[in-house]
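Q: Need the 3D shape of this:
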Amino acid sequence: MARRRRQPQDVLTKLHVQHVQDTANDHTETGSFPVIRKRRNGKRSLNANTTRMRLLTSVLVTVMCALLSFAYMIQINNTKSTYETMSEDELVRLINETSNQVQSLEQRKSELTSQLNSLKATADKQAAAQKIAKQNEETNGILSGRLAAQGQGVTIRITQGTKADVDASTMFTLLEELRNAGAEVIAIGPVRVVTSTYISESTDGSLICDGTALDTPYVIKAIGDPQALANAVNIAGGVGSRLKVKYGSDVTVTTEDEIHIDEIRQAQQYQYATPAE
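A: This next block holds a predicted model:
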């Protein structure tokens, strides 16, 4: 009985003491306030929520993968069952249709390949034709004197004769000898030599080439094989020897690796001749 009476008294005593302490803490004059303690279970609850979310996500991903796998297997089984349920005639028809489609595609491929090759051949022919046309244009331009030219060749220098003036016939013979030796382009003084070139003499004995008076010393430039052109002039008994012996002229032939003939002339306008069809 004594123990039972002490317990209520102890509880009342503790409540009284706690009430006194709370009153003292709440008193505004003391400047003290109730002590508030932080809970330590907040972080644990946050970690628990994160773990739950991760677990839930993993479960959902696993379920989705399982569903996709199941659907894929069903599709495969349905495809297999489709072919398995087909009759022999249907399978033969399906194979024939597939073979026909393959043959059609192969034929279409061959047609496209043939068209591509034809286009390439046409493009190559056009390119070749353009190349040939350009070459012909350049060749005709050089032969007609409309275009400047360059290349290896010789430069011939002929002084005024001490015995007699060089006549037109001898100078024209020199040009012919150069042509026969393979000269592709020739210029004498300021005049470009072409197929219609002529040389004449004026009343005072000077030379005229295509209506242009030539000054001495006469300078002739020729593009071609340098050695062949030099031999054509210097050959014994040739035109070079005649110029030296008969006219008393000094003839100098210089071979060069690069000669520029910039003398050009306008294309000749033909009055009667026209291209043949």
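
Q: C-alpha from now on. contacts and neighbour counts both.
A: Noted.

Q: As a check, name the ranges of all helices in the stretch 1-150 of the chain.
A: 2-26, 42-85, 88-144 (DSSP state H, counting those that start in this stretch).

Q: Quickly, which of the ones you listed bottoms out on average pLDDT?
A: Across those, helix 2-26 has the smallest mean pLDDT, namely a mean of 56.

Q: Show me how the chain divides into domains.
A: In terms of domains, the chain is parsed into 46-79, 107-144, 150-261 (source: automatic domain parsing).

Q: Report the separation between Ile156 and Met171.
A: Ile156 is 12 Å from Met171, where distance means C-alpha to C-alpha, to the nearest Å.

Q: All the strands of the stretch 101-250 of the chain, residue numbers only.
A: 149-158, 185-188, 191-193, 199-201, 207-209, 212-213, 218-223 (DSSP state E, counting those that start in this stretch).

Q: Tabulate the ones you listed (JSON lines), appending distance to Gln268 and mean pLDDT.
A: What follows is those, written out as JSON lines (distance: least, C-alpha to C-alpha, whole Å; pLDDT from 0 to 100):
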{"stretch": "strand 149-158", "distance to Gln268": "18", "mean pLDDT": "96"}
{"stretch": "strand 185-188", "distance to Gln268": "17", "mean pLDDT": "96"}
{"stretch": "strand 191-193", "distance to Gln268": "13", "mean pLDDT": "95"}
{"stretch": "strand 199-201", "distance to Gln268": "18", "mean pLDDT": "94"}
{"stretch": "strand 207-209", "distance to Gln268": "16", "mean pLDDT": "95"}
{"stretch": "strand 212-213", "distance to Gln268": "17", "mean pLDDT": "94"}
{"stretch": "strand 218-223", "distance to Gln268": "22", "mean pLDDT": "97"}
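
Q: Would you tell me which of those strands gets closest to Ile264?
A: strand 191-193 (5.9 Å; C-alpha to C-alpha).

Q: Mean neighbour count for the strands of the stretch 101-250 of the chain - can I get that in TSV?
A: Converted to TSV, these look like this (neighbours: other C-alpha atoms under 10 Å):
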stretch	mean neighbour count
strand 149-158	20
strand 185-188	23
strand 191-193	23
strand 199-201	17
strand 207-209	20
strand 212-213	14
strand 218-223	22
